[in-house]
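# predicted model, plus sequence, below.
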Amino acid sequence: MTDDDRELLQALDDVPGEIATIVDALTDAQLRWKPDTEAFSILENVAHMRDLDVMATTVRVPRTLSEGNPSLENFDGTAVARAANYNAEALTEALGTLTSARRTTIATLRELGSEVLLRRATFAGEPTTLAGVLALLRAHDAEHVQAIRDLAARIGS
């Protein structure tokens, strides 16, 4: 496995632990606090990330591994979030499910090696590779982890 591949997979694998560290000392009320009605709370960010992993990543990766150039659909996280009541969930369950799904995906990819990351797919109508799909997941993770950090900082100040 190349250094870039290892770094990508490690960054994806580290996300649940990063979140756990950020939220460790927060109360239930703080986890559910929203700065406004349109924004996600910390808990809503985690539950959204979990749903992306469970409903999309755990489908996209196996399809890309087993099919020739599968057409992977975009995940409408906004619609899923609208239909869900994320703030009524327990953080431990949402983060636990995210952790489990992510670890399973990363373990599979590490076992199979770098060459699988070059497998081709079409994502949202555009040609890409499995590495490209994972890079988008990494960018999505970074956006939500930063939002969680920002919310935690606002709560703590």
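Yep, it's here. Quantities reported herein were computed from a predicted structural model and do not represent experimental measurements.

# the chain: strands as residue ranges?
Listed in chain order, the strands found in the chain under DSSP state E are 71-72, 120-123, 126-129.

# now find how far off-centre the second one is within its chain.
Remark: strand 120-123 is offset 19 Å from the chain centroid, using CA atoms, centre = their mean, to the nearest Å.

# pairing partners for that strand, with directions?
Sheet pairing for strand 120-123, assigned by DSSP bridges, gives strand 71-72 (parallel), strand 126-129 (antiparallel).

# so which of those strands comes closest to Leu151?
The stretch from these with the least distance to Leu151 (CB to CB) is strand 71-72; that distance is 30.2 Å. For every residue, glycine as well, the C-beta is placed using N, CA and C.

# returning to that earlier point: most packed of the strands paired with strand 120-123?
Ranked by mean neighbour count under mean count of other CB atoms under 10 Å, these are led by strand 71-72, which reaches a mean of 16.

# so Ala94 makes contact with Ile42?
No - the pair Ala94 and Ile42 does not pass the contact test of CB atoms under 8 Å, sitting 10.2 Å apart.

# so Val145 versus Val46, what's the distance?
Summarising the geometry, the distance separating Val145 from Val46, computed by CB to CB, to the nearest Å, is 10 Å.

# so which of the two has more stuff around it?
A count of neighbours by other CB atoms under 10 Å puts Val46 above the other of Val145 and Val46, at 28 against 18.
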